[in-house]
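>>> Sequence first, predicted coordinates after that:
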Amino acid sequence: MAKLYFYFSAMNAGKSTVLLQSSYNYQERGMETLVYTPAFDNRFGQGLVASRIGLKADAIPFAANFNFYLDIEQRLQRPGHKIRCILVDEAQFLTKAQVDQLADAVDRLHVPALCYGLRTDFRGELFEGSARLLALADELNEIKTICHCGSKATMVLRIDKDGKPVKTGEQVEIGDNDRYVSVCRKHFMHNTP
């Protein structure tokens, strides 16, 4: 039975690496995967999922108006399809409707969907996509990373150019280690990167 999975973590836990490895495992066995990534996240190039350790793969870019169910259904109808898994990078940026579309694809088209993303933003608030995935996913899996103190990092601090925590601003601001630090709850609550 196909399932909807949500793999979540703080930044720098290796979510994209795990996604790329999962896709590779399917492809190595002759099964096609569909890999999706947000269109506005072009840090590594348009339509590309890349990990910090150098792995990368082409992906289908999606925007807020993208319909996952229709896209997956159309691709499955192509002759000779071997699509066996759907993988979504940066799943926190999905809309509620898109998570519902992925759940429908799992239930009606019988293809598992593996979604990888952050649970919370730099203010400690759930992203829309993450909130819906936490509600609908058949399986929730935490990918662990560590805080500078050695504890498990579960939160993300946004930092300015001087390394000081930032607590206001737009929820979405694309960046890497120059803008975000993964920390434990204690260091998040005390604003210490």
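Yep, that arrived. If you're wondering where the values come from, they're calculated on a predicted model, not measured in any experiment. Numbering: from 1, shown residues only.

>>> Could you list which residues are in contact with residue 72?
By CB atoms under 8 Å, 6 or more residues apart in numbering, the contact set of residue 72 is 34, 83, 86, 105, 109, 111. The way it works is simple: take the backbone N, C-alpha and C, and place the C-beta from them, glycine included.

>>> same thing but 10 Å
Residue 72 makes contacts with 34, 36, 60, 83, 86, 101-102, 104-106, 108-109, 111, 113, as judged by CB atoms under 10 Å, 6 or more residues apart in numbering.

>>> cool, residue 113 as well?
By CB under 10 Å, 6+ apart, the neighbours of residue 113 are 2-6, 34, 36, 68, 72, 85-88, 91, 99, 101-106, 133, 137-138.

>>> related to what we said a few turns ago, need the contacts of residue 72 in TSV (columns: secondary structure).
Conversion of those to TSV gives the following (DSSP: H, G, I helix; E, B strand; the rest coil):
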residue	secondary structure
34	strand
36	strand
60	strand
83	strand
86	strand
101	helix
102	helix
104	helix
105	helix
106	helix
108	helix
109	helix
111	coil
113	strand
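
>>> Please pick the buried ones from the residues you listed.
34, 36, 60, 83, 86, 101-102, 104-106, 109, 111, 113 (16 or more other CB atoms under 10 Å).

>>> Need those residues in CSV (columns: pLDDT and distance to residue 162).
Listed next are those as CSV, based on pLDDT from 0 to 100; distance: CB to CB, whole Å:
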residue, pLDDT, distance to residue 162
34, 96, 41
36, 97, 36
60, 92, 38
83, 92, 47
86, 97, 41
101, 98, 42
102, 98, 40
104, 98, 46
105, 97, 45
106, 98, 45
109, 96, 49
111, 97, 46
113, 98, 40
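
>>> ok, of the residues you listed, which one's closest to residue 28?
The closest of the buried ones among the contacts of residue 72 to residue 28 turns out to be residue 83 (CB to CB; 15.3 Å).

>>> my read: that closest one touches residue 30, true?
No - between residue 83 and residue 30 there is no contact, the gap being 11.8 Å when judged by CB atoms under 10 Å.

>>> Many thanks, I have nothing further to ask.
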